[in-house]
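Visitor: pasting the structure only:
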């Protein structure tokens, strides 16, 4: 079976066990692995590497596309393999080690990692480990459910290990469009002018002599763990639907909108699901990840084409996709994350972007990453690539968390991932704040009246009123700006009066 | 004299006085005016508008390229004309009114203003007021010392007023390259692949029937107000020179470096001046503004070509340029600020960018705009357009201000314009922190040891040590994070022990 998938005969004697491949790594190496939003990650070699490290310790710099599945980050972190890790992760164990200062984590815009590699800022790439569904006659690597940074890793690494996954349909060949920008300063424009256009090859071209090992696997990707829509996510979706319809009514958008981007996660997925029952049609998507909602929109006929760097879906949607690959061939493309997230293209197409905030403040600065301003959750991911260059940059979150003990709208965020410059629209289940063309004090009034949970609204009004008395373009009372966060540290609630009852949770 | 410059005869009867032109404005209008870093701004009509408002009050939204000279913002602010102002300013009086909440100021990435206009987010543009050095046979507007947003203003405005400045050499025709991107989503790549390439026209093409008034003027631009290099700026320049030479030694750059961008101001100008005595050659510049230092490098032969949106120089350099226009014709180009600052091009060329911070924190987050976190200084300008997409993003500042009472390196900045993701190198006169490839705790150690003034270093070390005990990817003590800023509010000094003497100031 796997034999048909290695179409360059000379590579067939490179097949080894995962444990044998794990011996290739050396302490201090810089390693690039495939995997983006738990899609197309390597299943066998990293686990074998963790086993090896238990008896023969080593520490590496591990660079991926984005997050990995299969507890890989957990196992590698526990085995002490991760000296340095970038650019994104979602694993609880790794997160704990990052926040303890035991793993050096570099949180990065997802489009930029390979630029830094090329510029020599991250050292020489020693090994690339790439999941493939086939190897072509000329040694080209056909990726699986994500492209991520794999093309650049394979191009730059001294040695390449391939995980050939026989569970992924070989028919996925042709879904990928591998285009990499040239060296600077003599780089050409990325010639993509239509979301559905193909500008590259269907496999990653490498010198086959650099492929030093092939490991055969057969496990599916870890399924996505987004939660089903609930009352609040439905309300958020409703506010965004109303906003978009109003833009159409005023002639600023058509019923096809502009290409959509949506970050991974429950709320963004729910918002896109909400478009299934809308009058919008001929929609397109230019995003980094395709979730269940994309397939719902493709299947309903409302979306004509979707471009991304990965497919991360629930088990039922994954199985449906695997069994119906041909149905989507003309309507999907997977690109390197550098291209899916490229500022050049985000701006050229004029995306409507939808990303999730951990919290935002009264002026619209967004914290996407740091709980309490200090502890890393996952990472900024592609949100900065998209929000900065969007036609319309939308951030969403529920107005409260932990049964009301946390307000997602705060006087000042203690960590800024997206400055107010890059935030056009903020939405919680309580309402939508349209910040376009507003000065900071106007933004604050709009945000407080529309997005804040009633439990916190009056206290935030009071903070803003008092701050305005002190003056400034962006009034604040510095000694009270983090009072809600420090109150939470001390009492486990941001509420001043903790006798509340929250009916909605 | 001015008659030769209006080459479309039918426009000659549009010549009116500035006071007559000022009658065209109505309360509530959205007005776009030329002017970028005090270059190529209108000299007569805005002053006439301020005079008119004294007897016939009106309030408008005023959009420019960037800052204006000639006290225009001061006079308009005092006359109550500025209801809303964007995207940048540098005037003391206007700043006071902004911080008092009397003028609504929208601080914006300079490349994005015209996108928001096109998208309908800022309302319909009623009037454009554009300084020109000539009007061509077909009514094309030839700009003066800046292009800024003038091309889009002239293209979109219902009515156009031209200030024809006879003091600016008519020979400036041919220095401008007017290219505007098309509507989205069907926009093509911007075809610029070489800094010196021309992709547009030498004048702004408009329907001449929209030109409703021409006012003749003869005043030069306000000269730049950058200060001469001093001991600290020389030290900063030295650190950057050493860094660049080291990059060449390691093969990551050549002696031609990569195209340079430098923000307006004393420090960036001094750093570029420092390159005159360096072994670098065949340098190029792709920036938003050309300052004295650019002409020093062009004249020394070390710089082969410079592209920008404006020329803002001292009086002697201005006069030299005016008298020697031909000398620079093949080595300079002025572009719309949307093109000079376009993320697509900043990344394609791989710029080395140099921008000034008001203050930065131990993790490398930069505050470029808000004094004390609340009071607007000038605006973010183009620094975000450049830093986010740079090959190497460098921020500079002196380590202390106000004789040592302010440290420019603080535990946490109370306003973030550039998150740590976008900051590669930080430099003060005390040293350079190379942050590439480092995790936050490593960044903090590097910044504290290299960039902090000795007066503040030990207290910052202590803060960081105590914060690390609490843990986190980005350790902080929220209740103390702004202690230096609140101490300054109360005692006019950030110093804990205010018995200091600062020898260096």
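Guide: Sure, I can see it. Treat the numbers as computed from the prediction; the structure is a model and nothing was measured.
Visitor: low pLDDT regions in the stretch 351-500 of chain A?
Guide: The stretch 351-500 of chain A contains residues with pLDDT under 70 at A:499-500.
Visitor: and the strands in it?
Guide: A:352-356, A:359-361, A:366-367, A:370-371, A:375-376, A:392-396, A:400-401, A:406-407, A:409-410, A:425-428, A:431-434 (DSSP state E, counting those that start in this stretch).
Visitor: just put these in JSON lines and tack on mean neighbour count and distance to residue B:382.
Guide: Where you see a C-beta, it was placed from the backbone N, CA and C, and this is true even at glycine. Formatted as JSON lines, the strands of the stretch 351-500 of chain A follow (neighbours: other C-beta atoms under 10 Å in any protein chain shown; distance: least, C-beta to C-beta, whole Å):
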{"stretch": "strand A:352-356", "mean neighbour count": "27", "distance to residue B:382": "22"}
{"stretch": "strand A:359-361", "mean neighbour count": "25", "distance to residue B:382": "25"}
{"stretch": "strand A:366-367", "mean neighbour count": "26", "distance to residue B:382": "22"}
{"stretch": "strand A:370-371", "mean neighbour count": "22", "distance to residue B:382": "28"}
{"stretch": "strand A:375-376", "mean neighbour count": "20", "distance to residue B:382": "30"}
{"stretch": "strand A:392-396", "mean neighbour count": "26", "distance to residue B:382": "19"}
{"stretch": "strand A:400-401", "mean neighbour count": "21", "distance to residue B:382": "37"}
{"stretch": "strand A:406-407", "mean neighbour count": "24", "distance to residue B:382": "35"}
{"stretch": "strand A:409-410", "mean neighbour count": "27", "distance to residue B:382": "30"}
{"stretch": "strand A:425-428", "mean neighbour count": "26", "distance to residue B:382": "24"}
{"stretch": "strand A:431-434", "mean neighbour count": "21", "distance to residue B:382": "26"}
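Visitor: quick one: closest of those strands to residue B:65.
Guide: Within the strands of the stretch 351-500 of chain A, the stretch nearest residue B:65 is strand A:392-396; the backing value is 22.9 Å (C-beta to C-beta).
Visitor: of the strands of the stretch 351-500 of chain A, which is nearest chain B?
Guide: The minimum distance between chain B and those falls on strand A:375-376, with 3.6 Å, by C-beta to the nearest C-beta.
Visitor: is the closest one in proximity to chain B?
Guide: Yes. Shown here: strand A:375-376 in contact with chain B (C-beta under 8 Å from any C-beta of the partner chain) through A:375-376.
Visitor: remind me what that strand packs against, helices and strands.
Guide: helix A:92-99 (3 or more C-beta pairs under 8 Å, 6 or more residues apart in numbering or on different chains; DSSP states H and E).
Visitor: mind listing what's buried in the helix it packs on?
Guide: Residues of helix A:92-99 classed as buried: A:93-95, A:97-99 (neighbour count, 16 or more other C-beta atoms under 10 Å in any protein chain shown).
Visitor: check which helices and strands the lengthiest helix in chain A sits against.
Guide: Longest helix in chain A, counting residues (DSSP state H): helix A:231-249. Contacts defined by 3+ C-beta pairs under 8 Å, 6+ apart place helix A:231-249 against helix A:266-274, strand A:392-396, strand A:425-428, strand A:431-434.
Visitor: could you dump the ones you listed to TSV with distance to chain B?
Guide: TSV is the format used below for the helices and strands packed on helix A:231-249 (distance: least, C-beta to the nearest C-beta, whole Å):
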stretch	distance to chain B
helix A:266-274	18
strand A:392-396	8
strand A:425-428	11
strand A:431-434	9
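Visitor: name the residues that touch the longest helix of chain A?
Guide: A:229, A:253-255, A:257, A:266-267, A:270-271, A:273-275, A:278-280, A:352, A:354, A:394, A:396, A:398, A:425, A:427-432, A:434, A:504 (C-beta atoms under 8 Å, 6 or more residues apart in numbering or on different chains).
Visitor: of all the buried residues of helix A:92-99, which two lie farthest apart?
Guide: A:93 and A:99 (11.1 Å).
Visitor: the helices in the stretch 201-350 of chain A, which residues?
Guide: Taking DSSP state H, counting those that start in this stretch as the test, the helices found in the stretch 201-350 of chain A are A:231-249, A:266-274, A:292-300, A:315-323, A:325-328, A:337-340, A:343-349.
Visitor: as CSV, those with mean neighbour count and mean pLDDT would be great.
Guide: Shown next, in CSV, are the helices of the stretch 201-350 of chain A (neighbours: other C-beta atoms under 10 Å in any protein chain shown; pLDDT from 0 to 100):
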stretch, mean neighbour count, mean pLDDT
helix A:231-249, 18, 97
helix A:266-274, 24, 92
helix A:292-300, 20, 96
helix A:315-323, 15, 94
helix A:325-328, 14, 95
helix A:337-340, 28, 98
helix A:343-349, 24, 98
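Visitor: using CSV, lay out those helices together with distance to residue B:118.
Guide: Compiled in CSV, those are given as follows (distance: least, C-beta to C-beta, whole Å):
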stretch, distance to residue B:118
helix A:231-249, 14
helix A:266-274, 25
helix A:292-300, 27
helix A:315-323, 37
helix A:325-328, 34
helix A:337-340, 24
helix A:343-349, 12
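Visitor: quick one, which of these gets closest to residue A:122.
Guide: The closest of the helices of the stretch 201-350 of chain A to residue A:122 is helix A:337-340. By C-beta to C-beta, the value is 14.5 Å.
Visitor: tell me if that closest one is near chain B.
Guide: No. Residues of helix A:337-340 contacting chain B under C-beta under 8 Å from any C-beta: none, with a closest distance of 10.1 Å.
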